[in-house]
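K.L.:
Quick one: sequence plus predicted model below, questions after.
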Amino acid sequence: MVNERSGFSRREFIRSSTLYAVAISIPVLGCKNDEVKDPDECETTSDILGPYYKAGAPLGENIIPPGVETPPLQVHGKVMNHCSVLISDAVVEIWNADAAGAYDTSEQFLFRGKYQTLSDGVYRFKTIIPGRYLNGSTYRPSHLHFRITAPGYRELVSQIYFRDDPYIESDPWAGAPAARERILTISKDANDVDTITFDIHLIEV
């Protein structure tokens with residue numbers, strides 16, 4: 001496992017801050033169940049890729065390594081276009097830190113996986129709520145990374161955060177207006193397992 005506790009370098013921080021300034025100048029787009037929007041305005045906002053993306057993750061729903069006793073988190077949703085048109089053959093990649101805030105960079109692809117949607121547009125993963133880690137002088141809030149690709153659509157790189165995390169407001173990415181639709185509430189499923197629903201809206205090329 002590689003830990004991000006050392007934070008970004010000064011050069012990386014300046015570059016990230018510049019991207020952040022650009023990001024918050026873009027109108028926030030998204031869909032809520034209680035609002036009516038033009039379908040062309042329905043888009044899941046992007047976030048930084050981060051330094052620990054690793055291509056080649058295996059297909060699979062359960063990305064919790066064997067022997068991990070941290071309580072599971074079910075993550076699921078639909079990949080859509082124009083807020084309602086389901087997208088098949090979308091590849092949803094997910095990766096996250098372990099409970100101590102460390103990322104795996106080995107060939108084992110721990111806490112990393114991908115899922116390809118069928119005609120129902122549904123994806124699902126079983127992971128954990130990741131630990132936080134220091135980024136400079138403050139902690140990054142707990143988060144999950146996503147990368148979504150689909151034929152005929154723009155690639156989307158994004159992250160989701162968890163409501164009531166005390167480090168959201170101080171984080172330059174989670175605290176940005178563009179992230180507000182991606183700060184999600186954890187609920188319990190019928191088996192009393194922590195669950196997050198994250199519907200993903202892509203834009204056509």
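P.N.:
Arrived safely, thanks for sending.
K.L.:
lowest average confidence, helix or strand, in this structure?
P.N.:
The helix or strand of the chain with the poorest confidence is helix 10-24; it has a mean of 40 (mean pLDDT, DSSP states H and E).
K.L.:
Spell out which strands sit alongside the strand ranked longest in the chain in the sheet and which way each one runs.
P.N.:
Taking residue count as the measure and DSSP state E as the definition, the longest strand of the chain comes out as strand 72-81. With DSSP bridges as the criterion, the sheet partners recorded for strand 72-81 are strand 85-86 (antiparallel), strand 122-128 (antiparallel), strand 194-197 (parallel), strand 200-202 (parallel).
K.L.:
got a list of contacts for it?
P.N.:
For strand 72-81, the external contacting residues (Cβ atoms under 8 Å, 6 or more residues apart in numbering) are 42, 64, 86-87, 90, 92, 94, 117, 120-129, 144, 148, 150, 153, 186, 189, 193-204. Every C-beta, even on glycine, is put in place using the N, C-alpha and C of the backbone.
K.L.:
Could you pick out the buried ones from those residues?
P.N.:
Among the contacts of strand 72-81, the ones that count as buried by 16 or more other Cβ atoms under 10 Å are 42, 64, 87, 90, 92, 94, 117, 121, 123, 125-129, 144, 148, 150, 153, 194-196, 198-202.
K.L.:
how near is A102 to L110?
P.N.:
10 Å (Cβ to Cβ, to the nearest Å).
K.L.:
same thing with N96?
P.N.:
The span separating N96 from L110 equals 10 Å under the rule Cβ to Cβ.
K.L.:
These two: who's more crowded?
P.N.:
The residue with more neighbours, out of N96 and L110, is N96; 27 against 20, by other Cβ atoms under 10 Å.
K.L.:
so what's the backbone phi/psi at the more buried one?
P.N.:
For N96, the backbone dihedrals (degrees, to the nearest 10) come out as phi -160, psi 160.
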